[in-house]
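S.K.: Turn this into a model:
(3 chains)
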Amino acid sequence: MSAASPVIVWFREDLRISDNPALAQAAESGAPVLCIYVHDEASPGIRPLGAASRWWLAGSLRALDASLRERGAALHVLHGSARDIVPALARAAGAGAVVWNRRYGAAEIAVDTGIKTALREAGIAASSFNGRLIHEPWTLTTKAGGPIRVYTPYWRAMRAKGAPDMPLAAPAALVGAPFPAAGGLRAVPVDALGLEPTSPDWAGGMREAWTRGEEGAQARLEAFVTGGMAGYGEARNRPDMPATSQLSPHLRFGEISVRQCWHAAEHAEASGSVRASPGDLETFLKELGWREFSYYLLHHNPELARRDYAPRFEAFPWRSDAGQLDQWQRGRTGYPIVDAGMRQLWTTGWMHNRVRMIVASFLVKHLLIDWRRGEEWFWDTLVDADPASNSASWQWVAGTGADASPFFRIFNPVLQGAKFDPDGIYVRRWVPELAKLPSSVIHAPWTAPRPILDAAGVRLGSSYPSPMVPHDEARARALAALRSLSAKA
DNA sequence: TTTTGAGTTGTTCGA
DNA sequence: GTCGAACAACTCAAA
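M.R.: All right, here's what the predicted structure looks like:
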């Protein structure tokens, strides 16, 4: 390519400038770069983003544009079908090449493959890179050559391949190519995409909780490896403590790479500058491993968000109950730890991992509502809603997934609350109508004597719901449903 | 091919 | 109050 012909860098789920292989390659070439993002709601099979994710995306795009501008380029945002836009833009700009980092869903791969073919037919180079994973799904198999279906062997295979590649530095300077006037294509301001809510503006709690963009992501990682990682192995289960990394939305939008997280954590532990133990480090790395495994499963099971990974569950007697689903979504189940989690989700776009398991188990096992309804709700409300992790984790809890939670693991919301939120701090924060209850009853208000409830201003059934289903009955019903499945099979 | 041990995250019951 | 076993049966990975 001549020095004058620009390289198009197509950003997708890699909204960062450091450790971005596609951007690094473009910058090294010395050519002017035309950085683009295509908000694609038109390509077949691409799942539309949920509302919370749309909110996050807006901030992430603005932040990326700002950091590209600091280096002499800019982010040009387009709206429409990527299949139409990317080749047309490449021609209009006289681009010598288009580069991007790979995606792993079947529909996304189909779009990218079609574009790659169209570009090459037009005589334009197209290259893709791994910017999202430590190991791409096709690089790990069992010894027999098939896909791995259990996490522990996956983790061992992953470790056996060695450490992830070292992260790439951000390009120090870029030469921005002008957006082509010809070709009839139009770049739009981020605001024009209508990604953020206006009336009503329900994003206040999310703005308070998060800093979108690469700088926010780096700050979060730094805070985690220098502080939060000490004790992570135990404390990560405590929703009443700020013990998790909270990197998930940053990872989801690629504001930070998994390689950066991995190496920063290893370096911090090895340097001895933080009190994290090798066990704390290993637990964190294994969480990154679960993310990798989810992408692996998605790649090998494109229908992961829709179909039971274990086909025998297709006969499962799910209940359809819009009213109960609504109670769960609104955090009105009558089980404080469940309601706290659902309200944290609604307000901040995020829920502590331990609590996600509890609320998911409740929906699927206590209410016998199809895990897909829960997956859809999380998809819409989580800022970290990830096409791989969300589906894989719901299936895991439901017992329909790979290496799944065993059928008899039915979380008791009272015991889980008492164990992981022993002082009721988490419940008090998110379910304020129970704030004055003593810790001894805060996870089971219906067991409190009347005077205690009165003193705390709690009236069950009006100020706070009674349990929508008794735990014992729900547990027995779920076990029976699961037994009916194995009897049929 | 067959066999064998293992499989993220729990709860309940009865001794 | 503590502790160990039962809770389905299955499927996977590897020998």
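
S.K.: Just name the shakiest helix or strand of chain A by mean pLDDT.
M.R.: Lowest on mean pLDDT, DSSP states H and E among the helices and strands of chain A sits helix A:471-488, with a mean of 84.

S.K.: Can you give me the buried ones in that helix?
M.R.: Going by neighbour count (16 or more other C-beta atoms under 10 Å), the buried part of helix A:471-488 is A:471, A:474-475, A:477-478, A:481-482, A:485. In this view, the C-beta of every residue, glycine as well, is placed from N, C-alpha and C.

S.K.: how about the residues of chain A near DNA strand C?
M.R.: A:142-144, A:146-150, A:153, A:156-157, A:310, A:312, A:399, A:406-408, A:479, A:482-483, A:486, A:489 (C-beta under 7 Å from any atom of the strand).

S.K.: any idea which element the one residue in the stretch 151-300 of chain A that gets nearest to DNA strand B lies in?
M.R.: Taking C-beta to the nearest atom of the strand, DNA strand B has its nearest neighbour within the stretch 151-300 of chain A at A:Thr152, 3.3 Å off. Element membership for A:Thr152, per DSSP states H and E: helix A:151-160.

S.K.: list the helices and strands the helix or strand that that helix is followed by packs on?
M.R.: Per DSSP H and E, the first helix or strand lying C-terminal to helix A:151-160 is helix A:204-209. If you count contacts as 3 or more C-beta pairs under 8 Å, 6 or more residues apart in numbering; DSSP states H and E, helix A:204-209 packs onto helix A:51-70, helix A:336-348.

S.K.: right, and the helix or strand after helix A:204-209?
M.R.: Taking DSSP H and E, what comes next after helix A:204-209 is helix A:214-223.

S.K.: Give me the contacts around that following helix.
M.R.: Outside helix A:214-223, the residues within contact range by C-beta atoms under 8 Å, 6 or more residues apart in numbering are A:15-18, A:63-64, A:67, A:210-211, A:245-247, A:250, A:255-256, A:260-261, A:264.

S.K.: what does stretch A:225-237 give?
M.R.: Outside stretch A:225-237, the residues within contact range by C-beta under 8 Å, 6+ apart are A:241-245, A:264-265, A:267-269, A:273-277, A:279-284, A:353-354, A:420.

S.K.: which of these count as buried?
M.R.: A:241, A:243-245, A:264-265, A:268-269, A:274, A:276, A:280-281, A:283-284, A:354, A:420.

S.K.: just curious, which of the residues you listed is nearest to DNA strand C?
M.R.: A:Phe420 (18.3 Å).

S.K.: looking at it, the closest one is touching A:Ala243, isn't it?
M.R.: No: the criterion here is C-beta atoms under 8 Å, and A:Phe420 misses it with A:Ala243 at 10.8 Å.

S.K.: mean confidence for stretch A:31-39?
M.R.: The average pLDDT within stretch A:31-39 is 98.

S.K.: Oops, could you answer that again for stretch A:124-134 instead?
M.R.: Mean predicted lDDT for stretch A:124-134 stands at 98.
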